[in-house]
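here is the input, now give the coordinates:
(one chain, ligands or ions: 2)
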Amino acid sequence: MAVTDEGISTEELQLAQRNSGMPLEALRWPLTPLGLHYLLIHYDIPQVDADAWRLEVGGRVERPMTLSLDDLKARERVDVAVTMECAGNGRAALEPRPVSQPWLNGAVGTAKWTGTPLEPLLREAGLAADALEVLFTGLDRGVEGGEPQAYERSLTLSEALDGEAILAWAINDTPLPPQHGFPLRLVVPGWYGMTNVKWLARITVLDAPFEGYQQMHGYRMRRSEDELGEPVTRMVPRALMLPPGVPDFMTRKRFVPAGPNRLEGRAWSGLGPITRVEVSADGGASWEDAELGEAPGPHAWRGWSFAWEAAPGEHELCCRATDAAGNAQPLEPPWNLGGYSNNAVQRIPVEVEA
Ligand SMILES: Nc1nc2c(c(=O)[nH]1)N[C@H]1C(S)=C(S)[C@@H](COP(=O)(O)O)O[C@H]1N2
Ligand SMILES: [Mo]
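Ligands and ions are numbered 1, 2, ... in the order given. Coordinates of the predicted model:
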């Protein structure tokens, strides 16, 4: 990944340190071990009194509900493996660099989430005839763009009722830890990370589109401040490679022995199953197909591997994914103001030792 050497500010460093990425060697596991999944927390991790906590379901519903964690756990239970990626993944490779959480390409992870489906709960609450959107509000609060706010985002009624979204209380068979949203979070497979509201306190059915900051200002594809832009929704395809060989401490350049090497990685898309992964050993000048492997579930990344005959010298390894809808990855980063959805191909400088 081409990144300029322009300085990083203390403010960006503050964010970078709070919000950790997944070390790319963790691509070796189909489910990311707890603690290696990336983290993104806009404000502070809120304090939650587990006994007093309740989920409120209200707004344009016939029967408002107040549910304890035990009430939720007594409902239908599902396990689903989901690849989650921050919409800002890849942001730090853009020029000029949008100043925000400066992700390279590790803002991703795959977890087994356990929870209860959202749709039957909304049906039980009884949607009013004028119901239009469903708003999810977290317990965390802060100020962003000068606006005091709770972290909250909405889904349209059809997105909320498509049967895929769940309210999750466990990750990889462990109760949600504080940083992943204890005691309950929304998980919407296929969508970028911001959709998956953590520390969930309220679900409010609305009769008008939600116009809060995280919907109308944040997470919009735009080129200037005075443009509204299209909303950021589902993940575009991306393949990542487990960095081969061993790294140089400072530059992270890789040292790989000459001869046969097995390159491996994972690929995902929120727009359709992955149908192709290609590998280049010459910086994207020529490409060959990788072999596709297993996925831990239909909403999770798919493994891939490639037999590389490494010749001594300097190389730039790249990989790129294509999904069933025909979406592929660009060679050059697609710029936008917020630095969202940059799925330009990963580039790994490698020195092959004779
Ligand atoms: N309440 C709340 N939910 C949130 C956030 C947040 O700051 N507050 N961050 C969002 C963003 S931008 C991302 S990418 C994902 C990250 O989830 P993770 O930290 O569990 O990986 O959570 C989303 N849900
Ligand atoms: Mo994010």
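
burial count for whichever residue of the stretch 251-354 of the chain sits closest to ligand 2?
Going by Cβ to the ion, ligand 2 is nearest to residue 340 of the stretch 251-354 of the chain, at 9.0 Å. For the C-beta atoms, the positions are set from N, CA and C on the backbone; glycine is no exception. Close neighbours of residue 340, defined as other Cβ atoms under 10 Å, add up to 27.

same question, residue 262
For residue 262, using other Cβ under 10 Å, the count is 10.

who touches the closest residue to ligand 2 within the stretch 201-350 of the chain in this structure?
Residue nearest to ligand 2 within the stretch 201-350 of the chain (Cβ to the ion): residue 219, separated by 8.3 Å. Taking Cβ atoms under 8 Å, 6 or more residues apart in numbering, we find residue 219 in contact with 87, 153, 192, 194, 231-232, 338, 340.

all strands for the stretch 101-250 of the chain, in order.
108-117, 133-144, 147-156, 166-171, 174-175, 185-187, 200-206, 220-221, 230-231, 238-241, 246-247 (DSSP state E, counting those that start in this stretch).

please dump those into CSV; it should also carry mean neighbour count and mean pLDDT for every row.
Formatted as CSV, the strands of the stretch 101-250 of the chain follow (neighbours: other Cβ atoms under 10 Å; pLDDT from 0 to 100):
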stretch, mean neighbour count, mean pLDDT
strand 108-117, 23, 98
strand 133-144, 19, 98
strand 147-156, 18, 98
strand 166-171, 24, 98
strand 174-175, 12, 98
strand 185-187, 24, 98
strand 200-206, 21, 98
strand 220-221, 18, 98
strand 230-231, 12, 98
strand 238-241, 26, 98
strand 246-247, 13, 98
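
among those strands, which comes closest to residue 61?
Shortest distance between residue 61 and those, using Cβ to Cβ, is found for strand 200-206: 5.2 Å.

packing partners for the closest one?
strand 55-59, helix 118-125, strand 133-144 (3 or more Cβ pairs under 8 Å, 6 or more residues apart in numbering; DSSP states H and E).

now residue 79. Nearest residue, chain neighbours left out?
Computed as Cβ to Cβ, 6 or more residues apart in numbering, the closest residue to residue 79 that is not its neighbour in sequence is residue 114, at 5.2 Å.

that neighbour touches residue 167, doesn't it?
No. Contact criterion Cβ atoms under 8 Å: residue 114 and residue 167 do not qualify, at 10.2 Å.

quick one, the strand or helix carrying residue 83 and strand 166-171 angle?
Residue 83 belongs to strand 78-85 when assigned by DSSP states H and E. With axes from the mean of the first three to the mean of the last three Cα atoms, to 10 degrees applied, the angle from strand 78-85 to strand 166-171 works out at 90 degrees.

to residue 297, which of the strands of the stretch 101-250 of the chain lies closest?
strand 108-117 (8.2 Å).

ok, now how distant is residue 233 from residue 270?
Residue 233 sits 8 Å away from residue 270, going by Cβ to Cβ, to the nearest Å.

common neighbours of these two, please.
By Cβ under 8 Å, 6+ apart, the residues touching both residue 233 and residue 270 are 191-192.

residues near the residue nearest to residue 149 when sequence neighbours are not counted, how many?
The shortest distance from residue 149 to any non-neighbouring residue, by Cβ to Cβ, 6+ apart, is to residue 213 (5.5 Å). Applying the criterion other Cβ under 10 Å, we find 18 residues in the vicinity of residue 213.

surely residue 213 is in contact with residue 148?
No. Here residue 213 does not reach residue 148: they are 9.7 Å apart, not a contact under Cβ under 8 Å.

distance of the nearest residue to residue 28 once chain neighbours are set aside relative to ligand 1?
For residue 28, ignoring the flanking residues on the chain, the nearest one in space by Cβ to Cβ, 6+ apart is residue 242 at 5.7 Å. Residue 242 is 20 Å from ligand 1, where distance means Cβ to the nearest ligand atom, to the nearest Å.
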